[in-house]
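J.: structure of the sequence below:
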Amino acid sequence: MKKVIYMNDFPTKKHITKSEINELPMKAYDGPIRLFNTEAEADAAAATLLNEPLLGFDTETRPAFRKGESYDPSLLQLATANEVYLFQIQQCGLTPNLVKVLSSPAIIKAGVAIDRDISELQAMKPFEADGFIELANPAKRAHIKNMGLRGLTAILFGFRISKKEQVSNWARTELTQSQQIYAATDAWLGREIYLAFQKNGLV
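T.: This is a model prediction of the structure:
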């Protein structure tokens with residue numbers, strides 16, 4: 001897996017336009033991805049995450065195109081230093097160990113625009129969320145104007161990520177390889193962005 005190459009100094013650029021982002025080279029997560037869709041396998045995998053100090057966090061939900069239509073999250077992504085775990089929670093559910101991970105103050109779970117993700121997971125199964133870091137907050141402290149994942153990635157690391165799978169059907173029983181890479185990339189970058197801010201004393 002290619003590691004993100006951190007800039008020697010924290011970037012002085014505080015804003016990047018959509019056209020500037022589109023000129024950057026495209027990159028995606030290329031490390032191991034582990035996909036779980038049964039309760040037993042998911043709970044066993046989540047148990048291994050209880051020893052992780054830092055996880056990148058994200059969820060994916062089937063898009064709704066009609067007024068009044070909504071869906072529960074389909075996928076929960078958690079990234080470690082070496083691999084990304086994808087939990088198809090419509091199939092495996094929020095298992096006891098997954099709930100422990102999401103509730104643990106000892107495990108940092110970093111992501112972008114995570115409040116809605118957390119509340120939607122809590123609607124599926126009530127739990128006390130703890131250990132979450134919203135990456136927009138250190139971005140504000142750094143006076144960065146782009147607080148979305150794509151903008152932060154461009155400013156901090158100098159590459160862009162694809163969003164073509166964003167509105168794909170995440171409720172599919174079998175996810176495509178493209179969907180898996182997209183989902184893993186978002187969680188991976190949550191972790192990498194946290195580390196970049198940590199390195200510069202912003203978290």
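
J.: hang on, residue 90 in a strand?
T.: No. Counting by DSSP: H, G, I helix; E, B strand; the rest coil, residue 90 is not part of a strand but helix.

J.: tell me the SS of the closest residue to it other than its chain neighbours?
T.: Nearest residue to residue 90 in three dimensions, chain neighbours excluded: residue 74, at 5.0 Å (CB to CB, 6 or more residues apart in numbering). Every C-beta, even on glycine, is put in place using the N, C-alpha and C of the backbone. Classification of residue 74 using three-state DSSP returns strand.

J.: wait, isn't residue 74 in contact with residue 87?
T.: No. Counting by CB atoms under 8 Å, residue 74 stays clear of residue 87, with 9.8 Å between them.

J.: go through this structure and flag its longest helix.
T.: Criterion DSSP state H: the longest helix present in the chain is helix 177-199.

J.: look up how far residue 91 lies from the nearest residue to residue 180 once chain neighbours are set aside.
T.: In this structure, residue 180 finds its nearest non-sequential neighbour in residue 33, 5.3 Å apart by CB to CB, 6+ apart. The gap separating residue 33 from residue 91 is 17 Å, by CB to CB, to the nearest Å.

J.: who's more crowded, those two?
T.: The neighbour comparison of residue 33 against residue 91 (other CB atoms under 10 Å) goes to residue 33, with 21 against 15.

J.: please name the residues that touch the closest residue to residue 13 other than its chain neighbours.
T.: Of all residues not flanking residue 13 in the chain, residue 155 sits nearest, at 5.8 Å (CB to CB, 6+ apart). For residue 155, the contacting residues are 11, 13-16, 144, 146, by CB atoms under 8 Å, 6 or more residues apart in numbering.

J.: now distance to residue 131, secondary structure and pLDDT too, for those, in a markdown table please.
T.: A markdown table is the format used below for those (distance: CB to CB, whole Å; DSSP: H, G, I helix; E, B strand; the rest coil; pLDDT from 0 to 100):
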| residue | distance to residue 131 | secondary structure | pLDDT |
| --- | --- | --- | --- |
| 11 | 27 | coil | 73 |
| 13 | 30 | coil | 82 |
| 14 | 28 | coil | 92 |
| 15 | 30 | coil | 93 |
| 16 | 30 | coil | 94 |
| 144 | 23 | coil | 95 |
| 146 | 25 | coil | 95 |
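
J.: which of those residues sits closest to residue 67?
T.: Nearest to residue 67 out of the contacts of residue 155 is residue 146 (CB to CB; 30.2 Å).

J.: wait, doesn't the closest one sit right on residue 152?
T.: Yes. Judged on CB under 8 Å, residue 146 makes contact with residue 152 at a distance of 6.1 Å.

J.: tell me, what's touching those two both at once?
T.: With contacts defined as CB under 8 Å, 6+ apart, the residues adjacent to both residue 146 and residue 152 are residue 139.

J.: quick one: which of those two has more around it?
T.: Counted by other CB under 10 Å, residue 146 and residue 152 do not tie: residue 152 has more neighbours, with 25 against 21.

J.: apart from its neighbours in sequence, what residue is nearest that one?
T.: residue 193 (5.4 Å).

J.: on that earlier part again, any chance of CSV for the contacts of residue 155, columns distance to residue 198?
T.: Shown next, in CSV, are the contacts of residue 155 (distance: CB to CB, whole Å):
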residue, distance to residue 198
11, 15
13, 20
14, 19
15, 22
16, 22
144, 15
146, 19
